[in-house]
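# Attaching a predicted model along with its sequence, questions to come.
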Amino acid sequence: MLGTIAVKSLKVDCIIGCLESERDKTQCIEIDVAVEGSFSSVVLSDEPQDTVSYLDIAQVAKTVAIEGKFKMLETLSYHVLSSLFDCFPITKARIEVRKPHVLPEAETVYVVLEMTSEDYRK
């Protein structure tokens, strides 16, 4: 049985961006991340060790964003997904990273990336 565990609108203060002014101070980004995997064990056991914790998913995303100090949202997204595959037995992951208030005419800018276990092995 496959299922999805997700975290929506995780707010992270981190260094992100190409402009010199973006390299000097943190900005608040928002991250949505979802992972797919087997729910076969947890639905029968009702035990937290038989699933992927949303707390752990959020911590991986925050750590990668804060420590990475990336220039590009695409690169940040890729590294979060790769880290999730490194840490958890998942088959698919999707991330959306938003950088609000960058463009005065837009509410937010964002990048969406998906990775399967097949993509990760390459």
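Arrived safely, thanks for sending.

# Please give me every residue in contact with the residue nearest to Thr26 when sequence neighbours are not counted.
Distances taken as CB to CB, 6 or more residues apart in numbering place Asp13 nearest to Thr26, at 4.2 Å, with adjacent residues excluded. No exception for glycine: its C-beta is placed from N, CA and C like everyone else's. Residues near Asp13 by CB atoms under 8 Å, 6 or more residues apart in numbering: 26-28, 66.

# repeat for Lys99
By CB under 8 Å, 6+ apart, the neighbours of Lys99 are 16-17, 27, 29, 73, 108-110.

# Name the SS class of it, please.
Under DSSP: H, G, I helix; E, B strand; the rest coil, the three-state class of Lys99 is strand.

# sorry, back to before: now list the buried members of the contacts of Asp13.
Gln27 (16 or more other CB atoms under 10 Å).

# quick one on the thing from earlier: could you please name the strands the helix or strand encompassing the residue nearest to Thr26 pairs with and the direction of each pair?
Assigned by DSSP states H and E, Asp13 belongs to strand 2-14. Using DSSP bridges, strand 2-14 pairs in its sheet with strand 27-38 (antiparallel).

# quick one, strands of this structure?
2-14, 27-38, 92-100, 108-116 (DSSP state E).

# What helices and strands are in contact with the last one?
Taking 3 or more CB pairs under 8 Å, 6 or more residues apart in numbering; DSSP states H and E as the contact definition, the neighbouring helices and strands of strand 108-116 are helix 73-87, strand 92-100.

# Ok, which of the strands of the chain comes nearest Tyr54?
Of all those, strand 2-14 sits nearest to Tyr54, with 5.5 Å by CB to CB.

# Now that closest one: buried residues?
For strand 2-14, a neighbour-count test (16+ other CB under 10 Å) marks 5, 7, 10, 12, 14 as buried.

# what bridges to the residue nearest to Tyr78 when sequence neighbours are not counted?
Using CB to CB, 6+ apart and skipping residues adjacent in sequence, the residue nearest Tyr78 is Leu113, 6.3 Å away. Beta bridges link Leu113 to Ile95, judged by DSSP bridges.

# if I look at Leu113, how far off is Met72?
To Met72, Leu113 is 11 Å away according to CB to CB, to the nearest Å.
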